[in-house]
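J.: Generate a structure from the sequence data that follows.
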Amino acid sequence: MTAPGTIVETGVLPSIWRSELSETIKLAVPLALTQLGQIAMMTIDLALIGRLGNKAVAAAALAHGVLFTGFMFGLGLVAAVAPLAAQAVGARQPRMVRRALRVGLWAAVFVGLPMSSVQLWADDLLIWLGQPPDVAALAQRYLLGMAWSLTPAWLFIAVRGFMSALNHPEPALWITLAAIPSNGLLAYALIYGAFGLPPLDLLGAGIATACINLAMFVAIVWVACVRPPFRKYRILGHIWRADWPLLGQLSAIGLPISATFLLEHGLFAAAALLMGLIGTVALAAHQIAVQTAAIVFMVPLGIGMAATVRVGHAVGRRDAAATRRAGFAAMGLGAVFQAAMALCVVFARDAIPHVFVGGGGEPQTIALASTLLLIGASFFVADGLQTIGAGALRGFNDTRVPLLFAAVSFWFVGFVSAYVLAFQAGFGAVGVWIGLVLGLGFYAVLLLWRFCRLTRRGYLPKLAEPLPAAAQP
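T.: Alright, predicted model coming up:
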C-alpha cells in the first residue's frame, strides 16, 4: 500500500535515473567521438611521417612528448570553462556563461604565447636529455611548425566547453570530422610537396597541424556567433574587458587540473622508460597495449566531460540530490562500457597486436603485448572510473584534493609498485603494468570516496559572483 500521491516506478530503473542516463549519453557520445577524431588526425600524421624513415618517426615521437607536456599545462585552464559555464547555465546566469568562456579564451592566449615560444628551443633540451643531435634537430624542425598549434587548440577546447555546458557539443564533432581529411591532405601536400606546394618534410607536418587547429577554432567561433542557441550569448562581446576575479577563479580550478594531467602523463612516460630499461621487446609491447588503451579511453573521457557538465548544472540549480545522481549515473555508465571493452580486449588480445605490427611482428613482442592486454582488462575499468570520477568532481570545482590524490596514487602507489614489481620482484614488463593498474585503481577508489563524501553531505560549492549591475558586460 502506498501513500496518496506517491509515484510508483515499474521499470527496471526509476524514470529520474533513466532521464539522467539519457542526458549523459546524449552529451558523452559527441564528446567521445570528437576525442576519437583527434586521435585519428594524430594517427594519419604519424602514418605520413613514417614514410620519411625511422629517424623521422623517432623525431616525431620526441617532438610530441615535448609538445604534449606543454599542452597539458594549458589544458586544465581551458577545461575549467566547462564547469564554470555549466554552473552558470544551471543558475540561469547567461552573462556568467559568457564571462566563463571569455576568461578561458584569455587564459589560452596568456599561456599559449610563452608556451609556444618555449617549443622553439626544444632541441637544446632534448640534447641535454641525451638524445642524438641529428634526431633532436629533426624534432625541432617539426616543432617549428607545430608549436603554434597550442593556442588555437586550447581556444577550440574552451569554446567546446561552452557549447557542452549548453547541452550542444555536436558542432565540435562536425568540425573535427571535417578536419580529419583536411588535415591529411594538407599534411601530405606540405610533407611531400604535392599540389604545387614545396616539400617541407617534418616542418610541413607541423605547419599543417597548426593551420588545421587554427581553422577549427575559426570554424567553431563562427558557429558560436551565428547559430542558435549560441548566438544569443554574443561570445565576442566585450572580449577585451578585464575580468580578473573570474580569471583568478578559473586559474584556481584549472591549474590543479593541469598539474593532475601532468602527473598522469609523467607516470606513463616513466612507465615507458622502465620498459626501455627492460628491453626493446617490452617497450614495443607496452606501446601496443597503451595505444589500445588510449583508443578505448576516449569513451570514458567523453563520459567524464559529460559528468562535469551534468554535475555543474545541478550545482548551479543548487540541487544537491541531482549532483549525486549525475555523478553516479556517469560512473555506472562508464563502468558498464569499460567492462564490456575489457571483455572484448581479453577475447581479442592475440589478434590486436597484429593490427599494429602486421604480419612482420616478432613473436615475442606479440606474445608479451597479448599478456599486457590481459592485465589491461582491469586497467581499462580503473582508468575509466578515475577519469569519470575526476570529471564529476570538477563539476563541484573540486580539483585541489584530487590533485593530492593523483600525486599519491600515480607516484607513491603506481610508480613505486611498477618499479618494485618489475625489478625487485622480477616480473619485468608485467610488473610495470600491474603497478599502473594499482595506481589507477587506487586513484579511482579515492575519487569515488571523495564524491560519495561530498554528495552525502549535500555539499554545494559557492558560485562565482556576478558583476554589479552597472558593470555587467
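
J.: Now stretch 286-304: buried residues?
T.: 286-290, 292-293, 296-304 (16 or more other C-beta atoms under 10 Å). Just so you know, the C-beta spots here come from the backbone N, C-alpha and C atoms, and that holds for glycine as well.

J.: for those, which one is nearest residue 374?
T.: residue 289 (9.6 Å; C-beta to C-beta).

J.: rewinding a little: now tell me which of the buried residues of stretch 286-304 the prediction trusts least.
T.: Among the buried residues of stretch 286-304, residue 287 has the lowest pLDDT, at 82.

J.: residues contacting it?
T.: 272, 356 (C-beta atoms under 8 Å, 6 or more residues apart in numbering).

J.: Tell me which helix or strand residue 458 sits in.
T.: Using DSSP states H and E, residue 458 maps to neither a helix nor a strand.

J.: For residue 423, state which of the buried residues of stretch 286-304 is nearest.
T.: residue 286 (15.1 Å).

J.: Can you tell me the element the closest one falls in?
T.: helix 280-317.

J.: For whichever helix or strand comes after that helix, which helices and strands make contact with it?
T.: Heading C-terminal from helix 280-317, the first helix or strand you meet, by DSSP H and E, is helix 320-348. Applying 3 or more C-beta pairs under 8 Å, 6 or more residues apart in numbering; DSSP states H and E, we find helix 320-348 packed against helix 15-50, helix 280-317, helix 363-394, helix 429-456.

J.: how close does the residue nearest the centre of the chain sit to residue 157?
T.: With distances taken as C-alpha atoms, centre = their mean, residue 301 lies nearest the centre of the chain, 6.4 Å away. Distance of residue 301 to residue 157, computed by C-beta to C-beta, to the nearest Å: 12 Å.

J.: Please list all residues in contact with the residue lying closest to residue 153 once chain neighbours are set aside.
T.: What sits nearest to residue 153 in space, not counting adjacent residues and going by C-beta to C-beta, 6 or more residues apart in numbering, is residue 213, at 4.7 Å. Applying C-beta under 8 Å, 6+ apart, we find residue 213 in contact with 149, 152-153, 156.

J.: now the helix or strand encompassing residue 213 against helix 15-50, angle please.
T.: According to DSSP H and E, residue 213 maps onto helix 201-226. Between helix 201-226 and helix 15-50, the angle comes out at 150 degrees (axes from the mean of the first three to the mean of the last three C-alpha atoms, to 10 degrees).

J.: nearest to residue 251, of the helices and strands packed on helix 320-348?
T.: helix 363-394 (14.3 Å).

J.: by how many degrees do that closest one and helix 320-348 diverge?
T.: Computed by the same axes, to 10 degrees, the angle between helix 363-394 and helix 320-348 is 170 degrees.

J.: Quick one: distance of helix 363-394 to the chain centre.
T.: Counting by C-alpha atoms, centre = their mean, to the nearest Å, helix 363-394 is centred 15 Å from the centre of its parent chain.

J.: next structured bit after it?
T.: helix 400-406.

J.: packing partners for that following helix?
T.: helix 244-278, helix 363-394, helix 429-456.

J.: buried ones in the helix or strand following that helix?
T.: Downstream of helix 400-406, the next assigned helix or strand under DSSP H and E is helix 416-419. By neighbour count with 16+ other C-beta under 10 Å, helix 416-419 contains the buried residues 417-419.

J.: who touches helix 416-419?
T.: 270-271, 274, 431-436, 438-439.

J.: would a markdown table of those with pLDDT and distance to residue 221 be doable?
T.: Listed next are the contacts of helix 416-419 as a markdown table, based on pLDDT from 0 to 100; distance: C-beta to C-beta, whole Å:
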| residue | pLDDT | distance to residue 221 |
| --- | --- | --- |
| 270 | 90 | 38 |
| 271 | 91 | 38 |
| 274 | 91 | 43 |
| 431 | 95 | 48 |
| 432 | 95 | 43 |
| 433 | 94 | 42 |
| 434 | 95 | 46 |
| 435 | 95 | 43 |
| 436 | 94 | 39 |
| 438 | 95 | 43 |
| 439 | 96 | 39 |
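
J.: distance of residue 403 from residue 390?
T.: Counting by C-beta to C-beta - residue 403 and residue 390 are separated by 10 Å.

J.: so what's in contact with the two at the same time?
T.: With C-beta under 8 Å, 6+ apart as the test, residue 403 and residue 390 both reach residue 260.

J.: Residue 166: how many residues sit nearby?
T.: 17 (other C-beta atoms under 10 Å).

J.: which residues does it contact?
T.: Taking C-beta under 8 Å, 6+ apart as the test, what residue 166 contacts is 85, 89, 97, 229-230.

J.: and it, what are its phi and psi?
T.: phi -90, psi 10 (degrees, to the nearest 10).

J.: want to throw the helices and strands packed on helix 320-348 into JSON lines with distance to residue 356?
T.: Shown next, in JSON lines, are the helices and strands packed on helix 320-348 (distance: least, C-beta to C-beta, whole Å):
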{"stretch": "helix 15-50", "distance to residue 356": "11"}
{"stretch": "helix 280-317", "distance to residue 356": "5"}
{"stretch": "helix 363-394", "distance to residue 356": "8"}
{"stretch": "helix 429-456", "distance to residue 356": "16"}
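
J.: Looking at those helices, which is nearest to residue 171?
T.: Among those, helix 15-50 sits nearest to residue 171 (C-beta to C-beta), with 8.9 Å.

J.: Now do the buried residues in that closest one.
T.: In helix 15-50, counting by 16+ other C-beta under 10 Å, buried: 17, 20-21, 23-24, 27-37, 40-41, 44-45, 48-49.

J.: by how many degrees do the following helix or strand past it and helix 280-317 diverge?
T.: Downstream of helix 15-50, the next assigned helix or strand under DSSP H and E is helix 54-79. Calculated by the same axes, to 10 degrees, helix 54-79 forms an angle of 20 degrees with helix 280-317.
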